[in-house]
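**Q** All I have is the shape, not the residue letters:
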């Protein structure tokens with residue numbers, strides 16, 4: 001495939017390496033200072049740009065009939081708008097706050113645990129995440145996804161970064177070059193239950209994004225990581 005990379009930070013550079021190793025060609029690289037945004041001839045675009053440019057970049061791909069794999073977080077207030085835009089334009093779009101296969105399996109474990117702990121009021125649930133100091137959004141999109149899934153099976157109606165007893169607490173840390181750590185804990189006076197995912201490198205995120213691009217480039221519609229995982233019977 002001919003791939004366009006939109007956003008050429010650490011993730012974009014990792015995606016470039018993995019794409020080439022899997023036999024693909026990088027036809028276009030667009031970063032924050034790129035004036036030429038012509039992506040004609042590209043089979044798919046992989047987007048890890050800044051949150052404030054994400055919507056425009058997604059629309060650029062859809063308008064040019066280029067399937068887009070988006071891992072940028074921090075713009076989800078316009079998520080439904082983009083889904084409708086993609087459907088209206090007969091485009092191809094897949095978004096995930098995290099393209100790591102391991103993290104997406106963690107999402108499934110989190111849903112299972114949250115459902116099992118429903119109405120067990122002696123346990124207090126919390127979410128913890130830590131990332132590198134250059135990460136812009138806080139909490140991470142992955143942590144928001146984790147929290148939203150817990151909310152479906154809890155007495156809380158929303159999450160908060162503050163320690164509000166009426167809301168699900170998300171604690172965030174920004175440390176050095178931390179690749180990404182997420183933990184869910186259910187704690188009582190007598191014991192605690194926790195699950196966690198620790199990213200050791202960015203390679204898993206990049207590999208998942210490239211694999212998704214290989215999967216969607218000849219499809220139409222709006223997809224999720226669950227669609228991708230289910231196609232491989234994970």
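**A** Received, thanks. Everything quoted here is computed from the prediction, not taken from an experiment.
**Q** Just to be sure, residue 195 is in a strand?
**A** Yes: counting by DSSP: H, G, I helix; E, B strand; the rest coil, residue 195 is found in a strand.
**Q** quick one: what helix or strand has the residue nearest the centre of the chain in it?
**A** Residue closest to the average C-alpha location in the chain (C-alpha atoms, centre = their mean): residue 97, at 1.2 Å. When elements are assigned from DSSP states H and E, residue 97 belongs to no helix and no strand.
**Q** That one: what's its closest spatial neighbour, skipping adjacent residues?
**A** residue 141 (3.0 Å; C-beta to C-beta, 6 or more residues apart in numbering). The C-beta positions use only the backbone N, C-alpha and C, and glycine is treated the same way.
**Q** Check what pLDDT the one you found gets.
**A** In this model, residue 141 is scored at 88, pLDDT.
**Q** Tell me who's in contact with it.
**A** By C-beta atoms under 8 Å, 6 or more residues apart in numbering, the residues touching residue 141 are 73, 74, 76, 97, 98.
**Q** tell me which element the residue of the chain most remote from its centre falls in.
**A** Residue farthest from the centre of the chain, counting by C-alpha atoms, centre = their mean, is residue 190 at 34.6 Å. Under the assignment given by DSSP H and E, residue 190 is not contained in any helix or strand.
**Q** likewise residue 29?
**A** strand 25-30.
**Q** who's in contact with residue 17?
**A** By C-beta under 8 Å, 6+ apart, the neighbours of residue 17 are residue 206.
**Q** Would it be right to say that it lies in a strand?
**A** No: going by three-state DSSP, the assignment for residue 17 is helix, not a strand.
**Q** and the protein, what are its domains?
**A** Per automatic domain parsing, the structural domains of the chain span 2-99+203-231, 101-198.
**Q** By residue count, what's the longest helix in this structure?
**A** helix 101-116 (DSSP state H).
**Q** Sheet partners, orientation included, of the helix or strand that comes right after it?
**A** The first helix or strand that comes after helix 101-116 along the chain, using DSSP H and E, is strand 124-131. Using DSSP bridges, the strands paired with strand 124-131 are strand 168-174 (parallel), strand 181-187 (antiparallel).
**Q** quick one: contacts of strand 124-131?
**A** 114, 117, 139-140, 142-143, 146-147, 150, 154, 159, 168-175, 178-188.
**Q** Tell me the helix or strand right after that strand.
**A** helix 141-151.
**Q** ok, so what distance separates residue 48 from residue 120?
**A** 38 Å (C-beta to C-beta, to the nearest Å).
**Q** the more surrounded of these two?
**A** When residue 48 and residue 120 are compared for neighbours, residue 48 comes out ahead with 27 against 11, by other C-beta atoms under 10 Å.
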